[in-house]
Every structure is written in structure tokens, then in C-alpha cells.
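Novice: Show me how the following folds:
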Amino acid sequence: MDSTTISNVTANGIKFNGQNYDDWIEYVKLNAGLLGLDSVLVMDEPAKPTDTSLEADKEMWEKWERSNRLMMSFLKLSIAPNVKPSLKGPNLDFLFLTRGILLALLRI
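Specialist: Below is the predicted model:
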């Protein structure tokens, strides 16, 4: 799975427009699972590996980091173009907040 796949999924999906949060968050949760990005939502970020870390720990962190990066891309692509300008700079925290909300919802 790559960013092209994510783009294809988001192209015809529900875009967050500022008024459809409930529908959008359900769409994001479903597709995160279908795209295999839900590992970032169901596990805490592992400790960043060091030179002395076990190979398994390095692999787990790399998998989590990739999933996190792709999940953030998926979230960005699933936001309507007219809303994106308000999410630049410090307001980009909305994406991290959304990730946190998804995390909380999945753990209930």
C-alpha cells in the first residue's frame, strides 16, 4: 500500500468540510482499517530505537512510523480544499487531535 492507494481511496470518499465531522470520522476509521493504517491508532508510539535496540524493536518502530506518516497523509487528503488553508501552521494540530480522537474511539 502506498500514497497512490490512499489518494484513490480519498478521491471519491467523504471530505471533511467543517460541518460533517460525524460522517467523516466514521469514514476515516473504516478506511484506516481497510488500508492497514490502524496500527498507529491501536498502539502507542514505540520508543525510538537506538544503536543498541533489538532488531525487532527497530522494525516495530519503523512500521509504526510509516503507518503514522501514511495516516497523516490520509487525513490531509480527506479534508476539503476550502478547509485546508485554515489547517496550516499551528492549526495543523487538528490532524493530531483527530488522530487522538480516533485512538480514543478505537480503545472504547
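
Novice: quick check: mean pLDDT across the longest helix seen in the chain?
Specialist: In the chain, assigned by DSSP state H, the helix with the most residues is helix 55-77. Here helix 55-77 scores 86 as its mean pLDDT.

Novice: Now residue 18. Nearest residue, chain neighbours left out?
Specialist: residue 83 (5.4 Å; CB to CB, 6 or more residues apart in numbering). For glycine as for every other residue, the C-beta is placed from the backbone atoms N, C-alpha and C.

Novice: Now for that neighbour: which residues touch it?
Specialist: Neighbour list for residue 83: 16, 17, 18 [criterion: CB atoms under 8 Å, 6 or more residues apart in numbering].

Novice: Considering those residues, which possesses the most neighbours?
Specialist: Neighbour counts for the contacts of residue 83 peak at residue 16, which has 21 neighbours (criterion: other CB atoms under 10 Å).

Novice: I'd guessed it sits against residue 80; true?
Specialist: Yes. Residue 16 lies in contact with residue 80 (CB atoms under 8 Å); the separation is 6.2 Å.

Novice: Show the end-to-end separation of stretch 15-27, please.
Specialist: In stretch 15-27, first residue to last residue: 9 Å (CA to CA, to the nearest Å).
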